[in-house]
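Student: I'll drop the sequence and a predicted model, then ask my questions.
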Amino acid sequence: METIVAKSAGFCFGVERAVSSVYAEIHNDEKPIYTFGPIIHNEQVVKDLENKGVQVIHDEKELQNLNKGTVIIRSHGVSKEIYDIIEKQGLRIVDATCPFVKKIHNIVREESKKGKKIVIIGNDNHPEVEGIKGWVLGDAIVINCEEDAKKLDVSDGSGICIVSQTTFNYNKFKYLVEIINKKGYDINVVNTICNATHVRQVEAKEIASKVDAMIVIGGKSSSNTQKLYDICKCECSNTYYIQTIKDLDLCNVESLKTIGITAGASTPKNIIEEVVLNVRYEF
């Protein structure tokens, strides 16, 4: 059986930087250490950090009860309000926001200052989108599907600035922008999808189109992994979404000649390697 492993599988730059920041802080003397939200959408990594004393803060209320320690901002970024609370509480901050996400914060802040209506194409409940909304002066509109795009109504005559969640599906982003463009608004479109995300999606699609089965590895709450799965599923009906090798159950493997493997941006290298080795030598 031939296995094709995506070269782009695993940690992206932003996630690698964020995770490394936490492990570096563990070796410092400044305790306790907190992350605002799980540092990445991977249960194994989060559990390992918890075992090393890193605690997860889930919301503003928990943050306001702290008066000592270091708070690490994960790669998804947070709203300006969170920075303000951390400063008010006198806590030390380590900002591991992905530079590509930080760029979006700056764009929406400056464009909304000019009176533009901000439209974010992405998943409304995703922490990255929550953070982006927190840098907009006024209200932001989040669009995730065709229906949302068709319902968009900006009747006050203000211009629109469109940005995207960094991990959004590129082709879907283009499609939704085309729908909005037809409305005749004064639109400034800034494609803020991370290039690493685009490369990962293109490679996954290419591999899935020529294999008998496709394995996508990543946390169940990982938005970018879910999008990889959706892309691969369209190309290969035998697509499996797993978190670790324990979740893998390939049926009728004797009839498979080729298996493709990719992984989300928050999947550690060791988990990918374990899956690759088991597929190559067990099946």
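Tutor: On my side now, so go ahead.
Student: Just grab the bridge partners of Asn188 for me.
Tutor: Per DSSP bridges, the residues bridged to Asn188 are Cys161.
Student: wait, doesn't it sit right on Val163?
Tutor: No: the pair Asn188 / Val163 is not scored as a contact, 9.4 Å apart, by Cβ atoms under 8 Å. Quick note: C-beta positions are derived from backbone N, CA and C, even for glycine.
Student: Report the separation between Asp84 and Val78.
Tutor: 10 Å (Cβ to Cβ, to the nearest Å).
Student: quick one, which of those two is more surrounded?
Tutor: Val78 (27 against 10; other Cβ atoms under 10 Å).
Student: ok, the more buried one to Gly10 distance?
Tutor: 25 Å.
Student: next one: Lys205
Tutor: 18 Å.
Student: Tell me how far the lowest-mean-pLDDT helix or strand in the chain lies from the chain's centre.
Tutor: Here the helix or strand of the chain ranked lowest by mean pLDDT, DSSP states H and E is helix 269-282, holding a mean of 90. Distance, stretch centre to chain centre, for helix 269-282: 24 Å (Cα atoms, centre = their mean, to the nearest Å).
Student: what packs against it?
Tutor: strand 2-5, strand 213-217, strand 258-263 (3 or more Cβ pairs under 8 Å, 6 or more residues apart in numbering; DSSP states H and E).
Student: could you redo the last one with a cut-off of 10 Å?
Tutor: Counting contacts by 3 or more Cβ pairs under 10 Å, 6 or more residues apart in numbering; DSSP states H and E, helix 269-282 packs against strand 2-5, helix 43-51, strand 213-217, strand 258-263.
Student: For Cys232, find the nearest of those.
Tutor: strand 213-217 (4.5 Å; Cβ to Cβ).
Student: Report the angle between that closest one and strand 258-263.
Tutor: When axes from the mean of the first three to the mean of the last three Cα atoms, to 10 degrees is applied, the directions of strand 213-217 and strand 258-263 differ by 20 degrees.
Student: Okay, now the sheet partners of strand 213-217, with direction.
Tutor: Strand pairing for strand 213-217, using DSSP bridges, gives strand 239-242 (parallel), strand 258-263 (parallel).
Student: what's the average pLDDT for the first one?
Tutor: By that I understand strand 239-242. Throughout strand 239-242, pLDDT has a mean value of 95.
Student: what's in contact with that strand?
Tutor: Identification of contacts with strand 239-242 by Cβ atoms under 10 Å, 6 or more residues apart in numbering yields 204, 208, 211, 213-218, 220, 222, 225-226, 228-233, 247-251, 259-261, 263-264, 271, 275.
Student: I'd guessed Asp95 sits against Val71; true?
Tutor: Yes: Asp95 is within contact range of Val71, at 9.5 Å (criterion: Cβ atoms under 10 Å).
Student: Which one's more surrounded, the two?
Tutor: Val71 (24 against 15).
Student: residues contacting that one?
Tutor: Val71 neighbours (Cβ under 10 Å, 6+ apart): 32-36, 55, 57, 63, 78, 82-83, 85-86, 89, 91-95.
Student: and those residues, which are buried?
Tutor: Taking 16 or more other Cβ atoms under 10 Å as the criterion, what is buried in the contacts of Val71 is Ile33, Tyr34, Thr35, Phe36, Ile57, Leu63, Val78, Ile82, Ile85, Ile86, Leu91, Val94.
Student: So which of those belong to strands?
Tutor: Ile33, Tyr34, Thr35, Phe36, Ile57, Val94 (DSSP state E).
Student: where's the second one relative to Pro268, distance?
Tutor: It refers to Tyr34. Distance from Tyr34 to Pro268, by Cβ to Cβ: 21 Å.
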